[in-house]
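J.: just need the structure, nothing else, for what follows:
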Amino acid sequence: MFTYLGWYSIGIIQSEIIYSSQKKHYSINNELKFDSVILGFEINVQYAGILKIDALYFDFCDEGVFGSKNFIDSYNLSNYRNLSSESYNVGAGYNKIFPKKAINLKKGTIFSIEIIAHSYLGIDSKCDSIYSDFYELSGMLYKIDKIKNCRLLFNVLTEQFYYESINFFNHTFDQIGTYYFTINSLNETKFDSNYTFDITSKSSIGIICPKETKFFSTINCSIIAVTTEKSDLFAIIESNKSTIFNHASDLRSFFGNNFSMLNLNIQKQSDLNGYFILPSTEFEFDSFLLGFEFLASSKIAQIRIFVNIFSYLILEPEVKLGHYKKVL
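T.: Numbers count the residues shown, from 1 in each chain. Below you'll find the model as predicted:
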């Protein structure tokens, strides 16, 4: 089913609005899906103030790629052109504002909104959008919410009305490889779109053998194997025999302790304090960090979490820390 639109709906009750204290945002959800004449904007702000709206066009859009895809893949602001820039006075709450003249803009254009004075931008607190909008801080881009997809209460008013359809589908692939799908029209409106993607696997294997085992005829080692592909197998080869293992554990999305295996009703307090190094939370492969989970007593006031990359980390027979770089 298609919805008839000339803008994105901004109708929302006041209790569903939250406000961002960040100064500059990028509205990915309002990307132009075709060449358009822009008549104006709708925006919700907390206080009266001044803001600046820029229309940005990324060079790779010349290849028919939407600008929004760039933010999903890389959060990259490079190689864009500013097609239009204008400042506006706004009042508290809902505003409909108009440029000095209508603006012709290209397919793939997205918009940045920068607060110049005194106000905060409204955000739809449901955070259930297809894309996330972003804010900029110290030259870096960040999602408004680290996990959910939140959008600004900001609309682009176009001369051309249009129909929009949002459809979801999923498919499970039996093995890794390169796949594609094509979308074709089935009537007189001719368009098609192809999407190619790779299904890959990430994996690593670590071997832990305590040093004291060299004094005995038997060694006791642990092998930690992780993979994103359950069908992966690995083998331990010793002289003329080998042992094959598969991955029998449950699917997980964390590095560290499995809280589901703990009895959380039993709480014991410890007098330990200070800095702790947590080897069990080591990243086994390159990943996006979404957040943290931990258990704490009710007496805890504040904790500070550091994410470090070590040049080396030796835990046995004595702890030795190599040079490290703080990344968070």
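J.: use CA for all of it now, contacts and neighbours both
T.: Fine.
J.: span of stretch 255-265 from start to end?
T.: Using Cα to Cα, to the nearest Å, one end of stretch 255-265 lies 23 Å from the other.
J.: so where do the strands sit in the stretch 151-300 of the chain?
T.: Taking DSSP state E, counting those that start in this stretch to define them, one finds strands in the stretch 151-300 of the chain at 154-158, 162-164, 177-184, 192-199, 203-208, 222-227, 233-238, 241-246.
J.: what pLDDT, on average, does stretch 51-70 get?
T.: For stretch 51-70, mean pLDDT rounds to 78.
J.: for stretch 303-322, that is, sorry about that
T.: The model assigns stretch 303-322 a mean pLDDT of 66.
J.: just the strands of the stretch 151-300 of the chain: most buried one?
T.: Most buried of those by mean neighbour count (mean count of other Cα atoms under 10 Å) is strand 154-158; its value is a mean of 22.
J.: adding mean pLDDT and distance to residue 276, write the strands of the stretch 151-300 of the chain out as JSON lines.
T.: Shown next, in JSON lines, are the strands of the stretch 151-300 of the chain (pLDDT from 0 to 100; distance: least, Cα to Cα, whole Å):
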{"stretch": "strand 154-158", "mean pLDDT": "92", "distance to residue 276": "44"}
{"stretch": "strand 162-164", "mean pLDDT": "77", "distance to residue 276": "52"}
{"stretch": "strand 177-184", "mean pLDDT": "82", "distance to residue 276": "41"}
{"stretch": "strand 192-199", "mean pLDDT": "76", "distance to residue 276": "37"}
{"stretch": "strand 203-208", "mean pLDDT": "80", "distance to residue 276": "21"}
{"stretch": "strand 222-227", "mean pLDDT": "82", "distance to residue 276": "22"}
{"stretch": "strand 233-238", "mean pLDDT": "78", "distance to residue 276": "33"}
{"stretch": "strand 241-246", "mean pLDDT": "75", "distance to residue 276": "33"}
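J.: against residue 49, how distant is residue 290?
T.: Shown here: residue 290 relative to residue 49, a distance of 34 Å by Cα to Cα.
J.: so the two - more neighbours on which side?
T.: residue 49 (17 against 8; other Cα atoms under 10 Å).
J.: quick one: contacts for that one?
T.: For residue 49, the contact set (Cα atoms under 8 Å, 6 or more residues apart in numbering) comprises 89-92, 115-119.
J.: give me the buried subset of those.
T.: Buried members of the contacts of residue 49, scored by 16 or more other Cα atoms under 10 Å, are 90-91, 115, 119.
J.: of those residues, which pair is most distant in space?
T.: 91 and 115 (12.7 Å; Cα to Cα).
J.: neighbours around the residue nearest to residue 80 when sequence neighbours are not counted, how many?
T.: Nearest residue to residue 80 in three dimensions, chain neighbours excluded: residue 58, at 4.1 Å (Cα to Cα, 6 or more residues apart in numbering). Close neighbours of residue 58, defined as other Cα under 10 Å, add up to 20.
J.: residue 81 is in contact with residue 58, correct?
T.: Yes: Residue 58 lies in contact with residue 81 (Cα atoms under 8 Å); the separation is 6.3 Å.
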